[in-house]
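*Asks:* what would the 3D arrangement of this be:
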Amino acid sequence: MDNDVTKPAHLYRNARVFTSDRRTWAESLVVVGDRFAHVGDEATATRVAGADAQVHDLDGATVLPGFVDGHAHVAGTGEAAAQVDLWGADSVEEIQRRIGEWARENPDAPRVLATGWKHGDIPGGAPDRGMLDRDVFARPLEELLDARVLRTVVGGRVVHHAQPEANR
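*Replies:* Reported below is the predicted structural model:
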């Protein structure tokens, strides 16, 4: 790490800095070495940075915190938060329990969305109607594969790119 305070500060000004704090947005930030010395209003940032600071005008650009992940689909991660979490469900019984619990807690949801099941934990590698019907009732169960492909388990068959219909 480089937190050598003898190095000149960098003042980043004229920005929309997302802070993820009580004060959600700031307009400037000061970096000394590899540390933030200040995030906030420009007048305070200028004082903190000092007369020798290197000034960077960001021309109104938005500054976001780093998202540390080797591979992430940010929108999908947010969508998954509202789905049945099957990560760590290592048996058909556990998958059924979690799906059933979610279905009971969300009776008005038109379909059940799930994420995180492992093919190796299900006999045959994929759920079938018999494994799911008792817990999903008349709602289709969907698995979002990626942004382009949607598979829907409907009446014991897989329908690609189709509007789900009720289980029969």
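
*Asks:* only C-alpha atoms from now on, for both contacts and neighbour counts.
*Replies:* Fine.

*Asks:* can you tell me how far E94 is from A114?
*Replies:* Using C-alpha to C-alpha, to the nearest Å, one gets 13 Å for the distance from E94 to A114.

*Asks:* mind saving the C-alpha coords of stretch 26-46 as CSV?
*Replies:* Taking Å, rounded to 0.1, in the frame of the first residue of the first chain, the C-alpha atoms of stretch 26-46 are listed here in CSV:
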residue,chain,number,x,y,z
ALA,A,26,-20.6,14.3,-2.9
GLU,A,27,-19.0,16.6,-5.4
SER,A,28,-15.3,16.2,-4.7
LEU,A,29,-12.7,13.7,-3.3
VAL,A,30,-9.1,13.9,-2.2
VAL,A,31,-6.7,11.0,-2.5
VAL,A,32,-3.3,10.9,-0.8
GLY,A,33,-1.2,7.9,-1.8
ASP,A,34,-3.7,5.0,-2.0
ARG,A,35,-6.1,6.5,0.7
PHE,A,36,-9.1,8.7,0.5
ALA,A,37,-8.4,11.8,2.6
HIS,A,38,-11.8,13.4,2.1
VAL,A,39,-15.1,12.8,0.2
GLY,A,40,-17.6,15.7,0.3
ASP,A,41,-18.0,19.3,-0.7
GLU,A,42,-15.4,21.0,-2.9
ALA,A,43,-14.5,23.8,-0.5
THR,A,44,-13.5,21.3,2.2
ALA,A,45,-11.8,19.1,-0.3
THR,A,46,-9.7,22.0,-1.6
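
*Asks:* now that stretch: buried residues?
*Replies:* Neighbour-count burial for stretch 26-46 flags 26-33, 37-40, 42, 45-46 (criterion: 16 or more other C-alpha atoms under 10 Å).

*Asks:* so for it, mean pLDDT?
*Replies:* Mean pLDDT, stretch 26-46: 95.

*Asks:* also stretch 54-71?
*Replies:* Over the span of stretch 54-71, the pLDDT mean works out to 86.

*Asks:* from here on, call the first residue 443.
*Replies:* Shifting the count to begin at 443 puts that one at stretch 496-513.

*Asks:* which of the buried residues of stretch 468-488 fall in strands?
*Replies:* Judged by DSSP state E, strands contain the following of those: A468, S470, L471, V472, V473, V474, A479, H480, V481, G482.

*Asks:* give the buried residues for the helix ranked longest in the chain.
*Replies:* Taking DSSP state H as the criterion, the chain has its longest helix at helix 534-547. By 16+ other C-alpha under 10 Å, the buried positions in helix 534-547 come out as V534, I537, Q538, R540, I541, G542, W544, A545.

*Asks:* which secondary structure elements does the very next helix or strand once past that helix contact?
*Replies:* Remark: after helix 534-547, the chain's next helix or strand is strand 554-557, criterion DSSP states H and E. Secondary-structure packing of strand 554-557 (3 or more C-alpha pairs under 8 Å, 6 or more residues apart in numbering; DSSP states H and E): strand 526-527, helix 534-547, strand 583-586.
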